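**Q** Any chance you could fold what I've pasted below:
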Amino acid sequence: MPHPPNAPADALLDLDACAQVAALARGDCSALALCEAAIARIEAQDGAINAVVVRDFERARSQARAADEALARGDRRPLLGLPMTVKESFNLAGLPTTWGFEFARKHRAERDALAVTRLKAAGAVILGKTNVPVGLGDWQSVNPIYGRTRNPLDLKRTPGGSSGGGAAALAARFVALELGSDIGGSIRVPAHFCGVYGHKPSLGLLPARGHDFPGLGSGAPNELAVIGPLARSVDDLELALSVLVGPEAPQSKAYALQLPPARDMAQARCLLLDQHPGLPVSQDTQAALQDVANTLQAGGCTVLRSSDLLPNLQTAHQIYAGLLNTFMTRGQPGASSISAHEWLTLLDRRAGLQQQWQALFEQVDVVLTPVLGCTAYPHIDPMDWASATVQMDGQAQPLGPQVFWPGIATVAGLPATSAPVGRDRDGLPIGLQVIGPMFEDLTPLALVRRLEALRAG
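**A** So this is what the prediction gives:
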């Protein structure tokens with residue numbers, strides 16, 4: 001049984017990761033006390049939420065004790081002593097990695113994912129793993145092994161997916177940092193639904209080794225999926241990015257990575273896309289994004305509503321759908337495959353799309369869109385993408401086509417940050433998606449920081 005947390009440690013859990021790390025460095029409390037406080041909070045409150053489904057508390061306590069020893073020696077690594085969780089789909093040595101599949105129930109990872117290794121090297125204390133949907137293929141987080149995760153803000157609603165357990169753990173203030181992954185909005189949608197922050201990095205920026213389909217091992221790089229952080233502040237996203245970024249061996253023998261500094265956001269040039277013919281966006285979401293535009297314009301930024309340089313987003317979505325369907329059905333019984341030539345054509349078309357985006361980002365700094373046109377919706381059971389609907393402004397609307405919004409950034413491999421910017425009439429969070437130029441991941445983060453500074457002012 002864990003020791004009851006002391007009051008300072010329990011209060012620290014409500015701060016963001018940067019503040020927790022600073023408090024540990026000052027000696028405000030020990031890493032072990034903070035770990036125990038997080039464990040106690042999970043054990044007391046996670047029963048109804050069901051976010052942290054694979055618990056590794058004893059090893060976390062050992063990591064926290066080691067962190068305290070390092071702190072006493074004067075060590076000041078970026079995450080030293082910080083308790084956090086990672087998505088179930090990442091390998092943690094000795095623990096199950098199932099992706100929610102019944103066939104993988106007994107699968108145990110032999111070694112940590114590379115990203116987990118980097119987090120631990122930075123001093124993080126890994127409490128365990130958070131829930132996902134089957135095959136990481138839903139904006140809910142429910143599977144036959146671990147059951148359903150519920151949104152801490154409204155237990156009747158989804159926390160999102162596929163990094164839904166992680167977003168729920170953040171919103172419940174069990175942890176301040178989470179490691180997720182994203183191919184169809186799987187970082188950004190849960191952040192949006194739970195009122196936290198998420199960053200989908202540029203394609204290929206963070207090595208994904210150890211985030212592998214159960215039983216396949218490390219295969220060829222995924223041409224759409226990325227790994228990335230979820231957190232409770234934009235500063236925490238940047239902190240996590242600094243720890244996770246960089247090539248792996250053998251590339252690291254020849255290449256070093258230096259992210260370009262963020263563009264100047266004092267007079268940022270923004271392109272706002274908040275409407276789409278045939279794809280509804282709720283009135284509350286449009287109002288929240290208009291408020292963002294007003295705030296930015298009042299603060300000296302330019303907000304455009306259109307650009308002749310914007311790629312044809314319908315064409316882009318067709319490319320995305322072809323790539324996404326191929327990845328998501330790979331290995332599924334009865335799935336049909338496309339030819340190698342069709343696949344190469346999709347990649348050629350995507351390359352042309354990326355060149356168009358590069359031209360656009362010579363004229364604008366960021367693109368602003370909804371994360372989705374709706375906020376967190378009630379649980380859908382059973383889930384059928386062909387027929388699922390959600391209520392928007394009093395009408396039932398198809399859910400599946402909403403993948404258009406996260407797909408804008410995904411298909412071109414662009415960095416995209418999800419940040420909370422408002423609430424709807426039901427009190428549910430509304431997220432803003434900020435898309436930046438390829439490999440300029442610090443720019444969308446800087447726009448969020450600028451927006452929040454203007455709002456605070």
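**Q** In the stretch 101-250 of the chain, mark out all the strands, start to finish.
**A** Here the stretch 101-250 of the chain has its strands, by DSSP state E, counting those that start in this stretch, at 125-130, 142-143, 147-148, 177-182, 197-200, 226-231.
**Q** where does the residue lying farthest from the centre of the chain land on pLDDT?
**A** Here the chain reaches farthest from its C-alpha mean at Arg73, the gap being 33.8 Å by CA atoms, centre = their mean. Listed pLDDT for Arg73 reads 98.
**Q** just His3 next, same as before
**A** Value listed for His3 in the pLDDT field: 49.
**Q** Same check on the one 3 residues further on?
**A** Note on Asn6: pLDDT of 67.
**Q** and what of Val196?
**A** 99.
**Q** State the distance from it to Lys120.
**A** Distance of Val196 to Lys120, given as CB to CB, to the nearest Å: 23 Å. C-beta coordinates here come from the backbone N, C-alpha and C atoms, glycine included.
**Q** So for those two, which sits in the more crowded spot?
**A** Between Val196 and Lys120, Val196 has the larger neighbour count (other CB atoms under 10 Å), namely 28 against 16.
**Q** Any chance of the backbone angles for that one?
**A** phi -120, psi -170 (degrees, to the nearest 10).
**Q** Look up how far His107 lies from the residue lying closest to it once chain neighbours are set aside.
**A** Of all residues not flanking Val196 in the chain, Leu170 sits nearest, at 4.5 Å (CB to CB, 6 or more residues apart in numbering). Separation of Leu170 from His107 (CB to CB) stands at 26 Å.
**Q** Who are the contact partners of the most centrally placed residue in the chain?
**A** Residue closest to the average C-alpha location in the chain (CA atoms, centre = their mean): Ile187, at 2.4 Å. Counting by CB atoms under 8 Å, 6 or more residues apart in numbering, Ile187 touches 163, 180-181, 198-200, 228-230, 418.
**Q** out of those residues, which is most surrounded?
**A** When neighbours are taken as other CB under 10 Å, the top entry among the contacts of Ile187 is Ser163 (38 neighbours).
**Q** Surely that residue touches Gly184?
**A** No: the criterion here is CB atoms under 8 Å, and Ser163 misses it with Gly184 at 11.1 Å.
**Q** so who does the closest residue to the residue nearest to the centre of the chain other than its chain neighbours touch?
**A** Leaving aside its chain neighbours, Ile187 sits nearest to Gly198 (4.0 Å; criterion: CB to CB, 6+ apart). The contact partners of Gly198, by CB under 8 Å, 6+ apart, come to 163, 167, 180, 182, 187-188, 190-192, 228-231, 237, 417-418.
**Q** Low-confidence stretches in the chain?
**A** Within the chain, the segments meeting pLDDT under 70 span 1-6, 218, 331-332.
**Q** what do you get if the cut-off is 90, keeping everything else the same?
**A** Within the chain, the stretches with pLDDT under 90 are 1-8, 213-223, 275-278, 324-337, 457.
**Q** Domain-wise, how is it divided?
**A** Under the assignment automatic domain parsing, the domains of the chain span 7-253, 269-456.
**Q** Can you tell me which of the ones you listed is nearest to Pro260?
**A** Across the domains of the chain, Pro260 has its closest neighbour in domain 269-456 (5.6 Å, CB to CB).
**Q** and that closest one, how far apart are its ends?
**A** Domain 269-456 stretches 21 Å from its first residue to its last (CA to CA, to the nearest Å).
**Q** Distance from the chain centre to it, please.
**A** Centre-to-centre, domain 269-456 and its host chain are 14 Å apart (CA atoms, centre = their mean, to the nearest Å).
**Q** Many thanks, I have nothing further to ask.
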